[in-house]
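Trainee: Structure for this input, please:
(one chain, ligands or ions: 1)
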Amino acid sequence: MMDLKAALAGIALIEDAALVRQRSRDFFWFSPILERRLRGKSADIVACPRDEAEVIAIAAACARLRVPLTVRGAGTGTYGQGVPEQGGVLLDMTGLDRVLWADPARGARAAAGARMMAVEDAALAAGAELRMHPSTKRVATIGGYFCGGSGGIGSLLWGGLREPGNLQGARVVTVEETPRVLELRGAECNLVNRTYGSTGIVTEVEVPLAPRREWRDAVAAFPGFLTAARAGDALARSGLGAKFCDVLEDTAAIGLPPVLGVEAAPPGAHLLLAMLPAGAEAAFAPLIAAHGGRVTLWAESRAREADPHATPVYECAWGHTTLHARKIDRSLTYLQTLHPPGRLLETVEWSWRQFGGREMPMHLCFLIYEGEVAANGAHLLRLPADPAAAEARLAEIIAAHEAAGIPVANPHVNTVEAGSRHKRVPGDQLGFKAKVDPHGLLNPGKMASYAPVIP
Ligand SMILES: Cc1cc2nc3c(=O)[nH]c(=O)nc-3n(C[C@H](O)[C@H](O)[C@H](O)COP(=O)(O)OP(=O)(O)OC[C@H]3O[C@@H](n4cnc5c(N)ncnc54)[C@H](O)[C@@H]3O)c2cc1C
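Mentor: Numbers count the residues shown, from 1 in each chain. Here you go, the predicted structure:
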């Protein structure tokens, strides 16, 4: 530790054990299984670089002394993917927060620790907006989204982060005795996407932008879940240009009446949440009515985002549904499924009939997947309180879904492999890791199939 501190001289450090423990956590408490497994895991020290030169100095020191290094943005990841499991240095990137440029044609480039909201503001000022952002836009960093995120608000127009064209550039520092700085372009950016900071320290990212539009927050209430799901499917295919569309079974929507108000989110109703272009109301209301629902909210999106007394509807969607529901019922956790193109409604109905209602309150996030409409299930889950019984039941539910042809990304494990629907790390990511982290020091344990090149 003395050697490490000497090597990091001049860099702002946090050494207070309670603060270091606090920064070593993320939102893994969404999962009771991860909560048990990761409780108490902590870095030894937090380093807070102010620029890339300091990042390089920290990377060099860790490589020389063989100290584990875990990168952190805002710490909103939900899989414990930012928890340092083998101690060492936690690298807090939030000091690198400059938006470098935003331009409707060229996109936006920002330092990795910039909040997504700051990048969005710069884009708006230039007459553009982010193609997509997580529902945590106000706090998440753009580097954390790039390296740990999957999609979100905007993915119904543009697909997930991995769809071609959504990641434009990344600047990556390697963890070697003499670190190198690499520039990844286009599809190469997938080498650092969703690898949980195990394939290099990203110091800058570049994303394409969409033209700036005026959006409306919309909510509709339905008497039945399947009719609400069909309305969501119809909206996703309607050409109305929804930026997102989520459908929540009544039992999943329990957290929303206190957040959106009981007029917008009547208790006991199945809800459809969306953001739509300003001119879409005339077509939206009949689409909802045709499925037996009624529109309960239609409001200017940016005004709601700026109003300290209102919650933008996107902050009730994607991962936020679980957050709000857990505030009401701490026994709830969640499961991530893919209701695939071509079998979307058929597989939704299957899941609902098998597990929906009390055990698995259904939550669908419609999106474009490989060019077609699909839905991510971000279903809530009520597991038994007994830990062994909870794990056994989770395994049964996952196995049943996979046997029914519904891929699952298990959010109760924090390895890159288990969290992927394909259950493996692509070969090019493993090869890249060997080049940028030969000692295997970056976020050890997360890329489980990697064996260090140099011990
Ligand atoms: C309520 C809630 C809602 C959410 N909604 C969404 C959603 O809609 N869509 C979605 O995709 N996710 C969602 N998430 C997950 C998470 O908020 C996002 O993925 C977010 O973008 C992570 O950003 P962060 O700055 O908090 O990253 P962190 O949690 O700090 O980091 C995420 C991962 O990336 C790594 N990392 C961070 N910065 C860097 C860097 N500069 N270089 C290399 N590695 C790095 C970390 O080691 C970690 O493994 C949600 C989470 C919550 C709690």
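Trainee: Which residues of the stretch 251-400 of the chain lie near the ligand?
Mentor: 318, 319, 320, 323 (Cβ under 6 Å from any ligand atom). All C-beta spots, glycine's among them, are computed from the backbone N, C-alpha and C.
Trainee: Show me the two of those residues that sit farthest apart.
Mentor: In terms of Cβ to Cβ, these reach their longest pairwise distance at 318 and 323, which sit 9.9 Å apart.
Trainee: Looking at the two, which one has more neighbours?
Mentor: Set side by side, residue 318 and residue 323 show more neighbours around residue 318, with 26 against 20, by other Cβ atoms under 10 Å.
Trainee: Need the mean per-residue confidence for stretch 172-182.
Mentor: Taken as a whole, stretch 172-182 has a mean pLDDT of 98.
Trainee: anything in that stretch near the ligand?
Mentor: No. Stretch 172-182 is not in contact with the ligand by Cβ under 6 Å from any ligand atom; minimum separation 7.9 Å.
Trainee: CA atoms only for that stretch, dumped as CSV, please.
Mentor: Provided in CSV are the C-alpha atoms of stretch 172-182 (Å, rounded to 0.1, in the frame of the first residue of the first chain):
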residue,chain,number,x,y,z
VAL,A,172,-8.8,3.7,-24.4
VAL,A,173,-5.9,3.6,-22.0
THR,A,174,-4.2,0.2,-21.6
VAL,A,175,-3.1,-1.2,-18.2
GLU,A,176,0.6,-1.9,-18.8
GLU,A,177,3.9,-0.7,-17.3
THR,A,178,3.9,1.9,-20.1
PRO,A,179,0.3,2.4,-21.0
ARG,A,180,-0.8,3.0,-24.6
VAL,A,181,-3.7,5.2,-25.7
LEU,A,182,-5.8,3.6,-28.4
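Trainee: Buried residues, it. List them.
Mentor: Buried positions in stretch 172-182, judged by neighbour count with 16 or more other Cβ atoms under 10 Å: 172, 173, 174, 175, 176, 179, 182.
Trainee: do stretch 282-289 as well
Mentor: Under 16+ other Cβ under 10 Å, the buried positions of stretch 282-289 are 284, 285, 287, 288.
Trainee: CA atoms only: put the longest helix along the chain into CSV for me.
Mentor: In the chain, taking DSSP state H as the definition, the longest helix is helix 387-403. The C-alpha coordinates for helix 387-403 follow below in CSV (Å, rounded to 0.1, in the frame of the first residue of the first chain):
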residue,chain,number,x,y,z
PRO,A,387,-31.7,-18.0,0.0
ALA,A,388,-31.4,-21.6,-1.2
ALA,A,389,-35.0,-21.7,-2.2
ALA,A,390,-34.7,-18.3,-4.0
GLU,A,391,-31.7,-19.5,-6.1
ALA,A,392,-33.5,-22.8,-6.9
ARG,A,393,-36.7,-21.0,-8.0
LEU,A,394,-34.7,-18.5,-10.1
ALA,A,395,-32.9,-21.3,-11.8
GLU,A,396,-36.3,-23.0,-12.6
ILE,A,397,-37.8,-19.8,-14.0
ILE,A,398,-34.7,-19.2,-16.2
ALA,A,399,-34.6,-22.8,-17.4
ALA,A,400,-38.3,-22.7,-18.3
HIS,A,401,-37.9,-19.5,-20.3
GLU,A,402,-34.9,-20.8,-22.2
ALA,A,403,-36.7,-24.1,-23.0
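Trainee: about what we covered before: turn the buried residues of stretch 172-182 into TSV, including secondary structure.
Mentor: Converted to TSV, those look like this (DSSP: H, G, I helix; E, B strand; the rest coil):
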residue	secondary structure
172	strand
173	strand
174	coil
175	coil
176	coil
179	coil
182	strand
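Trainee: What residue in the stretch 301-450 of the chain comes nearest to the ligand?
Mentor: With Cβ to the nearest ligand atom, the shortest gap between the stretch 301-450 of the chain and the ligand falls at residue 319, namely 2.4 Å.
Trainee: Helices - which of the buried residues of stretch 282-289 land there?
Mentor: Cross-referencing the buried residues of stretch 282-289 against helices under DSSP H gives 284, 285, 287, 288.
Trainee: Pull the contacting residues for the first one.
Mentor: By Cβ atoms under 8 Å, 6 or more residues apart in numbering, the residues touching residue 284 are 218, 235, 240, 274, 276, 295, 298.
Trainee: Name the nearest of those relative to residue 192.
Mentor: residue 274 (31.2 Å).
Trainee: Can you show me the strands along the stretch 251-400 of the chain?
Mentor: Remark: strands assigned in the stretch 251-400 of the chain by DSSP state E, counting those that start in this stretch are 270-277, 294-300, 332-339, 363-369, 372-382.
Trainee: Please convert these to JSON lines, extending it with mean pLDDT and mean neighbour count.
Mentor: JSON lines is the format used below for the strands of the stretch 251-400 of the chain (pLDDT from 0 to 100; neighbours: other Cβ atoms under 10 Å):
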{"stretch": "strand 270-277", "mean pLDDT": "98", "mean neighbour count": "26"}
{"stretch": "strand 294-300", "mean pLDDT": "98", "mean neighbour count": "17"}
{"stretch": "strand 332-339", "mean pLDDT": "97", "mean neighbour count": "24"}
{"stretch": "strand 363-369", "mean pLDDT": "98", "mean neighbour count": "26"}
{"stretch": "strand 372-382", "mean pLDDT": "98", "mean neighbour count": "22"}
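Trainee: any chance of these in JSON lines, plus distance to residue 390?
Mentor: JSON lines is the format used below for the strands of the stretch 251-400 of the chain (distance: least, Cβ to Cβ, whole Å):
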{"stretch": "strand 270-277", "distance to residue 390": "27"}
{"stretch": "strand 294-300", "distance to residue 390": "35"}
{"stretch": "strand 332-339", "distance to residue 390": "9"}
{"stretch": "strand 363-369", "distance to residue 390": "20"}
{"stretch": "strand 372-382", "distance to residue 390": "9"}
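Trainee: per-residue confidence at residue 450?
Mentor: pLDDT, residue 450: 85.
Trainee: Give the helix, strand or coil label for the one residue in the stretch 101-250 of the chain that gets nearest to the ligand.
Mentor: In the stretch 101-250 of the chain, the residue that lies nearest the ligand is residue 144 (2.1 Å; Cβ to the nearest ligand atom). Of the three states, residue 144 takes helix according to three-state DSSP.
Trainee: Excluding chain neighbours, what is closest to it?
Mentor: By the measure of Cβ to Cβ, 6 or more residues apart in numbering, the closest residue to residue 144 outside its immediate chain neighbours is residue 73, 2.7 Å from it.
Trainee: Right, I'll call it a day here.
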